[in-house]
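J.: Only the shape, not the letters, is given here:
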C-alpha cells in the first residue's frame, strides 16, 4: 500500500485488507510523508493482527516512486497492490490466488465496483468504464490497468523494477510489461469497492489529444528501452 494523507478512509481499507490475510502474510505500507493522522492510525494497528504490518518511509517523489519503494520492500511470492481509500471484498485474495494457480502469468487483474466517497455504488464497474481486457495494442490505445485491482507474481518483479518515474502511471507500465513479456490474466469478479471521491491520484477522464499522444510516446520509449535491457541480460 502507498499512502499519503489518507486518514479519511484508511481505517476502512486496513480493516478490509487484514480480514483477507492470514498469519505469515504481510502488509507493507510506504508512506510518502503524511502530515495528517495517517501514520498514527497505522501505528494503532500494530499488534492487533497476526499479519505483519511494516510501515516504511517513502522516497517523497510522488506516487510512482512510492509504489516502487513498496514493491522493493515486499517479501511475499504474490504481491497485491493497494490504494489507501478503497475496500477489499472478503473473497479477493482467494479468487486472485485461484487465478494464479491456473497460469504462470505475471499479473492477475480483477474488476471493481465503482462507489462514491461515502461508499454508495455508482451503478458501474471498472471493466465497464474502461472496456477492460488484456492485449498490448489494446492497452496502449485505452488503458485497462488499475493498480488496486492488480496482483503481481514475485518472479515478474525484475522485469518491471525500477518503475520509470516519467511514465504516466505505474499500473499502466506494469500491465503493458506483462502483456509484452509474460501474460496478463483478467478475471470478471468485482473484488473491491473502488472509491471515486475527487482527490484520487488516478484519473477517470481523458487528457486533451496532444497530451494523450505524448504520454503514449513516452510509455513506448520506456517500454522499448526496458525490453532491450531484458534481451541484453538474457544474452549475457
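T.: Received, thanks. Source: prediction; values computed, not measured.
J.: Skipping adjacent residues, who's closest to the most centrally placed residue in the chain in space?
T.: For the chain, the residue nearest the mean C-alpha position is residue 147 (2.3 Å; Cα atoms, centre = their mean). Nearest residue to residue 147 in three dimensions, chain neighbours excluded: residue 171, at 3.5 Å (Cβ to Cβ, 6 or more residues apart in numbering). In short, each C-beta sits where N, CA and C put it, glycine included.
J.: show me what contacts the one you found?
T.: Applying Cβ atoms under 8 Å, 6 or more residues apart in numbering, we find residue 171 in contact with 81, 145-147, 150, 202.
J.: circling back: in contact with the residue nearest to the centre of the chain, which residues?
T.: With contact taken as Cβ under 8 Å, 6+ apart, residue 147 is in contact with 67, 81, 83, 169-171, 174.
J.: Residue 110 too?
T.: Residue 110 is in contact with 92, 95-96, 149, 186-192, counting by Cβ under 8 Å, 6+ apart.
J.: so which strand or helix has it?
T.: Residue 110 belongs to strand 107-115 when assigned by DSSP states H and E.
J.: could you give the mean pLDDT of that strand?
T.: Taken as a whole, strand 107-115 has a mean pLDDT of 98.
J.: Could you tell me the model confidence score at residue 202?
T.: pLDDT recorded at residue 202 is 54.
J.: Check which helices and strands the strand ranked longest in the chain is in contact with.
T.: For the chain, the longest strand by residue count, based on DSSP state E, is strand 184-195. Packing partners of strand 184-195 (3 or more Cβ pairs under 8 Å, 6 or more residues apart in numbering; DSSP states H and E): strand 87-88, helix 92-101, strand 107-115.
J.: any idea of the angle the longest one forms with strand 184-195?
T.: Put plainly, it is helix 92-101. Computed by axes from the mean of the first three to the mean of the last three Cα atoms, to 10 degrees, the angle separating helix 92-101 from strand 184-195 equals 170 degrees.
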